[in-house]
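1. need a structure here:
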Amino acid sequence: MEKIIQELEAKRAAARRGYLICAAMGVALVVMLGTHQYTRALAVLALTVIVYLLLARQDIKGFSDAYRKAAAQAAMGKWLEDAAYHGKEGSPPQQLRDARLLPVKEGNGCVTYHRITGRGAGAAWELCDASFQAVSPGSDGRNQFLSGCWLRGKLDRPTGQRLRMVSRNIVTPALLAPYFLERTDFRPMVWENLAVDQEFSSFAPAGQLPQLPDGVLDRLLELTEKTPGSVALGLDDDVLTVMLCHRFVTTGDPIVRDPVTRERLEQQALPELEQVLALAAACQGVEG
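-> Residues are numbered from 1 along each chain as shown. Prediction:
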């Protein structure tokens, strides 16, 4: 860890130097404009752009990418084995559409960022941030914009179950129910569990009430309690899909003025991952 921090500090120093040079040139530009030295100001502006594009931007991007990679390994590594950050590009948008968890708009209505992979709780995980339009299949064209963390776990133990559960404050029934009716074989169902039915709109294949291991619904309610945003869940035999609205896999771009420390790298952007892993274990009939 100390070696990683030293390498990041060197990259941070280069990025900070680039920022300061560009800032100093910006101040000089303002002064020249204020004193009506327009020819010199134009030259300084051109030089500033060149310095930023050829030098500063490279250093800033290099630090940001290296920091995200190290932070993912340090923070996500608490919960996931072989945690790895794969860059700003997220999971394929078609993967979100194919999951049939939420009514994701076709075409360019879905973008993803910051893909992270790893293993935990008997599953191979892929996480990313996602923003998309949720569109009604009806003719009125009503839509909502949703964003958050998308998690997909390939379970080691097949469950033999299929279901969808969506927090009632994520997508209005006017959007959600027609989507499942027209695009899938899922139909509304109830669990006869007051807390669960109040929190979620649930769907399963017609006439096939899911048979879940004990503790799954309890783990799901724990997840909703720990998540400031809302939750959607899909189970397709050995694939568990979770959407945590308004929660994200990274802590944002690193600030170059602050030194890199172990505490910064280990900062948990997604502490709810612990509850997601407990849920995955429960779905496979494994607790703990």
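2. okay, now the unreliable bits of the stretch 101-250 of the chain?
-> 136-143, 173 (pLDDT under 70).
3. show the residue spans covered by the strands in the stretch 1-150 of the chain.
-> 81-85, 110-119, 123-135, 143-155 (DSSP state E, counting those that start in this stretch).
4. buried sites along the first one?
-> Residues A83, Y85 are the ones in strand 81-85 that count as buried (16 or more other CB atoms under 10 Å). The way it works is simple: take the backbone N, C-alpha and C, and place the C-beta from them, glycine included.
5. do the third one as well
-> Using 16+ other CB under 10 Å as the burial criterion, the residues of strand 123-135 that qualify are A123, A124, W125, E126, L127, C128, D129, A130, F132, Q133, A134, V135.
6. and that strand, what does it pack onto?
-> In terms of contacts (3 or more CB pairs under 8 Å, 6 or more residues apart in numbering; DSSP states H and E), strand 123-135 is packed against helix 93-98, strand 110-119, strand 143-155, helix 273-283.
7. strand 110-119 and that strand, what's the angle between them?
-> 170 degrees (axes from the mean of the first three to the mean of the last three CA atoms, to 10 degrees).
8. any idea of the angle strand 123-135 forms with helix 273-283?
-> 110 degrees.
9. quick one: strand 123-135 to strand 143-155, angle?
-> 160 degrees.
10. what's the answer for the first one, then?
-> With the same axes, to 10 degrees applied, the angle from strand 81-85 to strand 143-155 works out at 150 degrees.
11. distance between strand 81-85 and the chain's centre?
-> For strand 81-85, the distance from its own C-alpha centre to the chain's C-alpha centre is 15 Å (CA atoms, centre = their mean, to the nearest Å).
12. what pairs with it, parallel or antiparallel?
-> With DSSP bridges as the test, strand 81-85 is paired with strand 110-119 (antiparallel).
13. so how far is the strand it pairs with off the chain centroid?
-> 6 Å.
14. can you list the neighbours in contact with that strand?
-> For strand 110-119, the surrounding residues in contact (CB atoms under 8 Å, 6 or more residues apart in numbering) are 68, 72, 76-77, 79-93, 96-97, 104, 124-133, 150, 248-250.
15. if we can go back for a sec, let me have the strands of the stretch 1-150 of the chain in CSV, extended by distance to Q268.
-> As requested, the strands of the stretch 1-150 of the chain are exported to CSV (distance: least, CB to CB, whole Å):
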stretch, distance to Q268
strand 81-85, 12
strand 110-119, 13
strand 123-135, 13
strand 143-155, 13
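16. so what's S147 closest to, chain neighbours aside?
-> Leaving out its chain neighbours, the residue that sits closest to S147 by CB to CB, 6 or more residues apart in numbering is S131, at 4.0 Å.
17. one more: D237?
-> D237 sits nearest to P158 (CB to CB, 6+ apart), 5.1 Å away.
18. in stretch 171-190, which residues are buried?
-> V171, L175, L176, A177, Y179, F180, F186, M189.
19. give me the three-state assignment for N169.
-> Recorded secondary structure, N169: coil (DSSP: H, G, I helix; E, B strand; the rest coil).
20. who's in contact with it?
-> N169 neighbours (CB under 8 Å, 6+ apart): S230.
21. what about 10 Å?
-> E199, G229, S230, C245 (CB atoms under 10 Å, 6 or more residues apart in numbering).
22. and D253, what helix or strand is that in?
-> Following DSSP states H and E, one finds D253 outside all helices and strands.
23. counting neighbours, what do you get for the closest residue to it other than its chain neighbours?
-> Nearest residue to D253, sequence neighbours excluded (CB to CB, 6+ apart): S64, at 5.6 Å. S64 has 18 neighbours, counted by other CB atoms under 10 Å.
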